[in-house]
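Novice: Pasting the sequence and the predicted model now:
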Amino acid sequence: MLGTVVGRVWADRQLPGLNGRRLVLVAVVGSDHREVAIDLVDAAPGVAVLIATDEAAAAAAGDPTVDAAVVALVDNWDAER
């Protein structure tokens with residue numbers, strides 16, 4: 001899923017596997033949906049990103065509790081194809 005980083009998310013309490021992990025809020029392209037994801041690539045606000053979900057996110061993060069992870073910075077995409 002493609003999205004744009006809107007900002008950071010902080011949690012007062014979280015699962016131990018998320019300790020020290022950066023969380024970001026991502027606005028999904030073409031939708032009003034927003035997703036909280038683990039940021040594996042240090043994306044800044046306003047940057048277009050690729051979000052992996054479900055098992056792919058857990059595998060990328062190395063943690064079975066993760067269900068959304070930013071896995072790539074996107075330079076450009078062609079919406080026409």
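Specialist: Everything's here; your move.
Novice: Can you pull the phi/psi pair for the closest residue in space to Arg21 that isn't next to it in sequence?
Specialist: Distances taken as Cβ to Cβ, 6 or more residues apart in numbering place Ile38 nearest to Arg21, at 5.1 Å, with adjacent residues excluded. Every residue, glycine included, has its C-beta placed from N, CA and C. Reported as degrees, to the nearest 10, the phi and psi values for Ile38 are phi -70, psi 130.
Novice: for Ile38, what are its contacts?
Specialist: Ile38 is in contact with Leu18, Arg21, Arg22, Leu23, Ala57, Ala61, Val66, Ala68, Ala69, Val70, counting by Cβ atoms under 8 Å, 6 or more residues apart in numbering.
Novice: can you check Gly30 too?
Specialist: Neighbouring residues of Gly30 by Cβ under 8 Å, 6+ apart: Leu2.
Novice: Quickly note the distance from it to Asp12.
Specialist: For Gly30, the distance to Asp12 equals 32 Å [Cβ to Cβ, to the nearest Å].
Novice: Going along the chain, name the helices of the protein.
Specialist: Using DSSP state H, the helices of the chain run over 54-61.
Novice: where exactly do the strands run in it?
Specialist: Using DSSP state E, the strands of the chain run over 2-9, 23-28, 34-39, 48-53, 68-73.
Novice: Just checking: what are the partner strands of the third one?
Specialist: In the sheet containing strand 34-39, its partner strands are strand 23-28 (antiparallel), strand 68-73 (parallel), by DSSP bridges.
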